[in-house]
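K.L.:
the following comprises the amino acid sequence and a computationally predicted model.
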Amino acid sequence: PSFAQSSLRLTVSEDTAVGTAVRNVAATDADFSMNAAIDYTIVSSTAGLFNISSTGVLSVASVLDRETVATVQVNVTATDQGIPRLSSTMVIDIIVGDVDDNLPEYSSSVFQMNVAENRPANTTLSAVEAFDADALVNAGFVYRISAGNAAGLFSVNPSTGLISVTAPLDRE
């Protein structure tokens with residue numbers, strides 16, 4: 001048997017349900033009758049994330065998580081039923097596509113800063129830092145002050161996390 005191409009690249013979203021067929025692979029064999037019957041098997045794969053049926057249907061075998069495994073290489077062998085049994089292998093590189101399934105996390109659970117009350121308006125005081133394990137557009141987030149700033153004396157840069165004084169402070 002032989003595959004039309006020796007390698008293939010495809011993307012499978014990390015939220016694809018277990019059992020979902022993602023590709024049908026096919027090899028051809030010039031023999032006749034039983035000698036031309038082909039069975040497909042996975043001979044090596046990353047973490048057992050994919051299965052292949054004996055008829056060549058590649059499907060998701062386990063929950064995918066792009067943050068754990070971003071790429072998977074599956075080596076599929078097509079074997080005929082002749083004597084001797086002949087085979088060929090196709091390499092399938094699978095990119096696990098990202099979905100927005102992670103919340104941003106701060107680098108610290110508490111950020112504390114002391115501020116002198118004579119700081120002029122628009123003075124940068126400090127920065128908070130967060131990260132998101134998702135990729136590309138799904139990793140984006142904005143900073144905002146959600147509580148404790150009723151007087152509006154502080155601002156945060158939505159993209160950098162820099163915290164500034166917006167007006168003169170008066171402790172008294």
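P.N.:
Received, thanks. Numbering: from 1, shown residues only.
K.L.:
from S62, how far out is V18?
P.N.:
To S62, V18 is 6 Å away according to Cβ to Cβ, to the nearest Å. For every residue, glycine as well, the C-beta is placed using N, CA and C.
K.L.:
how about the strands in this structure?
P.N.:
Secondary structure of the chain (DSSP state E): strands at 2-3, 7-13, 21-24, 27-28, 38-45, 50-52, 57-60, 71-80, 87-97, 105-106, 124-127, 130-131, 154-156, 162-165.
K.L.:
quick check: mean pLDDT of the last one?
P.N.:
In this case it means strand 162-165. Averaged over strand 162-165, pLDDT sits at 95.
K.L.:
give the buried residues for that strand.
P.N.:
The neighbour-count check on strand 162-165 (16 or more other Cβ atoms under 10 Å) flags I163, S164, V165 as buried.
K.L.:
using TSV, lay out these together with distance to T71.
P.N.:
Shown next, in TSV, are the buried residues of strand 162-165 (distance: Cβ to Cβ, whole Å):
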residue	distance to T71
I163	38
S164	41
V165	46
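K.L.:
neighbouring contacts of stretch 164-172?
P.N.:
With Cβ atoms under 8 Å, 6 or more residues apart in numbering as the test, stretch 164-172 has contacts from 115, 117-125, 152-157.
K.L.:
next one: it to chain centre, how far?
P.N.:
Distance of stretch 164-172 from its chain centroid, counting by Cα atoms, centre = their mean, to the nearest Å, is 43 Å.
K.L.:
measure that stretch end to end?
P.N.:
End-to-end distance for stretch 164-172, by Cα to Cα, to the nearest Å: 20 Å.
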